[in-house]
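J.: Sequence and predicted model, in that order:
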Amino acid sequence: MNSTLCRTLRKMLADGFEQYNGVIDPAVYERLECPDPKKAYWVCNWPILHCLGCRERCTPKDIRGFQMTLPSPEPTVIKWQEKVNTLLKKRFVRPAEAAFCLDVSERHVRDLVDEGILVRHIRPPLRITAESVKAEMERLDN
């Protein structure tokens, strides 16, 4: 696995993709003209699927032939909490990270910064104090 593929996979996992563990109909590989289906490595953020098994990086236009897998709710909640705790150990977070923690859009986070609810670092690029994100999370929980 080369460094580009590692970065791609890391970004996809951060964006909510997970390893696809469903059954795939052999007709899918015929439709995609896959030279070696044994090398296929699928990641999924249902209904979006990507194969990272070769240089082609196939992304099927339809999901025919892919078994739909149901997510397990508990591990996802636990993973979310772990990610939030990891992010909030830092002194400053990016707007996208704050949005993830608060479960809001990045635009809403920027609005909260403009309103003074979230505290930003003085110098660009925009960074938000983890303490202000924690305080806003506590306020939303009450």
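T.: Cool, the structure landed.
J.: For Pro26, give me its contacts.
T.: Pro26 is in contact with Pro37, counting by CB atoms under 8 Å, 6 or more residues apart in numbering. The way it works is simple: take the backbone N, C-alpha and C, and place the C-beta from them, glycine included.
J.: Residue numbering should commence at 52 henceforth.
T.: Sure thing, new numbering starts at 52, so read that last one as Pro77.
J.: which phi and psi does it have?
T.: Dihedral angles of Pro77 (phi, psi; degrees, to the nearest 10) stand at phi -60, psi -20.
J.: Repeat that for Glu69.
T.: Note on Glu69: backbone dihedrals following degrees, to the nearest 10 are phi -130, psi 160.
J.: likewise Ile114?
T.: The phi/psi pair for Ile114 (degrees, to the nearest 10) reads phi -100, psi 10.
J.: Give me the neighbour count for it.
T.: Counted with other CB atoms under 10 Å, residues neighbouring Ile114 total 14.
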